[in-house]
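Visitor: Okay, sequence plus prediction incoming.
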Amino acid sequence: MNNKVMRFFALAMVSLFIIHFLFIGRKSFKKRYMNGKNMNNNNNNNNNNYYYGNDDDAINDDDDWDDDENNNNNNNNNNNNNNNYVIIIKEFIEVSHLQCRNFTKPTKESIVMENVNWQIQQFEMEKLFLYSAFYDDRPHGGNLPYVRVIGILTFHQDTRYNCHLWYSHVRKPFIIPAVINETGINRYQFEKVSYREYTFSCQLPFVIPFVPNYVSVMFADADCTNYTNYIPIFYRERNLNPDIEFGLCVCNGHGFFQPEYVVEWIEFYKLMGVREFNLYNTTYEGLDQTLNYYVERGELRVSQLRHPLGRERGDRGRIRNLRITALNDCMMRNLYMYKYLVVLDLDENDFPEKKLTNYHQIIEEAPKILNKNYEILSFSFHQAYFFLTFEPDLIPPRYMKFLKNWNRTMPNGDYCGSKFDLRPIHCF
């Protein structure tokens, strides 16, 4: 059977399923959806209302399917709802497997790791370094959710990719095409190979509260018997009215910062209204005690982010090759945690002008100044340099670190080195 005929049958099967859903099972499906949503949230969300994929039993299961709906003898309604979603998933998976009849599910032993956090997949000369994956159900992204995978790869224009989504209680993966977008300008050249930051976006064709647990990114032309990546999917319960107004993300950092400087920097932004800080550590030096203090207070989260190729001291190319990876991971991880996300480096500071003293006042005053009656989704701050070689001011106390230098250059033009505060649920 040639590819055209296979595609025709696949489309016909999906069309019949959609017609059945729209005209026959919509009401019962909606009822199961609401019951299942409550069940899914209760079973999978911890106190922070998020969870990672975790179905180790599925990794080691030797059966073709985990047919819980046939083997479960209790009468728990939640389990029945769960089984209904399993059946729906299986219908789609059987269609998608026209692309990939033979497969071998990844095992713990088959996963290839590099430098602690990266999972590797290679096909001929092409290589993927995959860092994290997220379930994205933001309402402004459309009616259908996405699975987004963040990574670095050596990309060739004619290469196509698929997302293989793994569900609990289901043995086979659901295969959907991936759209890739280059997300950073900091390419790293090593041994004549270019390493670039990308995001893989895989749109699901249905909306049900049965979130996939894991994803494997595979080359479309490769077979399905050599999985070496199996990435847990991070999912946080949707909350369009987060309790925290301002959170802050610092892209991957390195080198030495005086602990006193870091303390002053964090305390300054707490005065600006920031409640939580997220920091990505590539090779910070001498800051463990300082960072641990804020971690223990629940004000800071530190993620380890090394380059998959390792890092030679002073190799700024590899360090900058991780900047957008860190920021995208931070944004996706906190979609529903903060109303606004502040994006900065440790050596950068936002200073309000005139009578404004914090971010909240900036957000409130901006529409009045612009005479606009719609919500502003992002704010750009002009960049200026406070050179440490300038003579310190005499106004602030001498013990201060960055606040003792008030003399600065003229601000740069629009979008030149600017920093942003943004609404993460609107940022793509």
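Guide: Received it, and whenever you're ready, just let me know what you need. Numbers count the residues shown, from 1 in each chain.

Visitor: Quick one: low-confidence residue ranges for the stretch 201-350 of the chain.
Guide: Residue ranges of the stretch 201-350 of the chain with pLDDT under 70: 311-317.

Visitor: Spell out, range by range, the strands that occur in the stretch 101-250 of the chain.
Guide: Taking DSSP state E, counting those that start in this stretch to define them, one finds strands in the stretch 101-250 of the chain at 113-114, 118-123, 126-136, 146-153, 161-166, 174-182, 188-190, 193-203, 214-219, 231-236, 244-256.

Visitor: is it possible to export these to TSV including mean neighbour count and distance to residue 268?
Guide: From N, CA and C alone the C-beta is placed, and that goes for glycine too. Formatted as TSV, the entries for those read as follows, by neighbours: other CB atoms under 10 Å; distance: least, CB to CB, whole Å:
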stretch	mean neighbour count	distance to residue 268
strand 113-114	14	37
strand 118-123	20	34
strand 126-136	23	29
strand 146-153	24	30
strand 161-166	25	42
strand 174-182	17	34
strand 188-190	15	32
strand 193-203	20	30
strand 214-219	24	39
strand 231-236	20	28
strand 244-256	20	11
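
Visitor: Looking at these, which is nearest to residue 105?
Guide: For the strands of the stretch 101-250 of the chain, proximity to residue 105 was assessed by CB to CB; strand 161-166 is nearest, at 7.7 Å.

Visitor: same for the closest one, what does it pack against?
Guide: Taking 3 or more CB pairs under 8 Å, 6 or more residues apart in numbering; DSSP states H and E as the contact definition, the neighbouring helices and strands of strand 161-166 are strand 146-153, strand 174-182, strand 193-203, strand 214-219.

Visitor: For residue 100, which of the strands of the stretch 101-250 of the chain is the nearest?
Guide: For the strands of the stretch 101-250 of the chain, the distance to residue 100 is smallest for strand 174-182, at 5.8 Å, taking CB to CB.

Visitor: Okay, and the beta partners of residue 193?
Guide: Residues in a beta bridge with residue 193, per DSSP bridges, are residue 190.

Visitor: Just confirm it contacts residue 154, I think it does.
Guide: Yes - Residue 193 lies in contact with residue 154 (CB atoms under 8 Å); the separation is 5.3 Å.

Visitor: Name the nearest residue to residue 227, ignoring sequence neighbours.
Guide: Once its chain neighbours are removed from consideration, residue 227 has its nearest residue in residue 106; the separation is 3.8 Å (CB to CB, 6 or more residues apart in numbering).

Visitor: Contacts only, for the one you found.
Guide: Contacts of residue 106 were listed using CB atoms under 8 Å, 6 or more residues apart in numbering, and they are 59, 216, 227-230.

Visitor: swap the cut-off to 7 Å and go again
Guide: When contacts are counted by CB atoms under 7 Å, 6 or more residues apart in numbering, residue 106 touches 216, 227, 230.

Visitor: Kindly report the same for residue 243.
Guide: Taking CB under 7 Å, 6+ apart as the test, residue 243 contacts no residue whatsoever.

Visitor: Got phi/psi on it?
Guide: Reported as degrees, to the nearest 10, the phi and psi values for residue 243 are phi -70, psi -30.

Visitor: just use 16 as the starting number from now, easier for me
Guide: Taking 16 as the first residue, the last one we looked at is residue 258.

Visitor: I'd like to know how far it sits from residue 354.
Guide: Noted for residue 258: a distance of 9 Å to residue 354, by CB to CB, to the nearest Å.

Visitor: try residue 268
Guide: The value you get for residue 268 to residue 354, if CB to CB is used, is 25 Å.

Visitor: picking that back up, mind listing the shared neighbours of residue 258 and residue 354?
Guide: With contacts defined as CB under 7 Å, 6+ apart, no residue is adjacent to both residue 258 and residue 354.

Visitor: what's the burial count for residue 284?
Guide: Applying other CB atoms under 10 Å, we find 20 other residues in the vicinity of residue 284.

Visitor: Confirm that it sits in a helix.
Guide: Yes - with DSSP: H, G, I helix; E, B strand; the rest coil as the criterion, residue 284 is assigned to a helix.

Visitor: give the contact list for it.
Guide: For residue 284, the set of contacting residues under the criterion of CB under 7 Å, 6+ apart consists of residue 263.

Visitor: sorry, back to before: ok, which of the helices and strands packed on strand 176-181 comes nearest residue 316?
Guide: So among these, strand 161-168 is nearest, using CB to CB, at 16.7 Å.

Visitor: now the closest one against strand 246-251, angle please.
Guide: 130 degrees (axes from the mean of the first three to the mean of the last three CA atoms, to 10 degrees).

Visitor: can you pull out the strands in the stretch 266-415 of the chain?
Guide: If you assign secondary structure with DSSP E, counting those that start in this stretch, the strands in the stretch 266-415 of the chain sit at 291-300, 315-319, 353-359, 393-396.

Visitor: Tell me which of the ones you listed is the most buried.
Guide: When the strands of the stretch 266-415 of the chain are scored by mean count of other CB atoms under 10 Å, the highest mean neighbour count falls to strand 353-359 (a mean of 22).

Visitor: what comes into contact with that strand?
Guide: Around strand 353-359, the neighbours that count as contacts under CB under 7 Å, 6+ apart are 257, 259-265, 289, 342, 346, 349, 434-439.

Visitor: With only the CA atoms kept, save it in CSV.
Guide: Only the C-alpha atoms of strand 353-359 are listed here, as CSV (Å, rounded to 0.1, in the frame of the first residue of the first chain):
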residue,chain,number,x,y,z
TYR,A,353,3.0,35.1,37.6
LYS,A,354,0.9,37.8,36.0
TYR,A,355,4.0,39.5,34.7
LEU,A,356,7.4,38.0,34.1
VAL,A,357,10.5,40.2,34.5
VAL,A,358,13.5,39.2,32.3
LEU,A,359,16.9,40.3,33.4
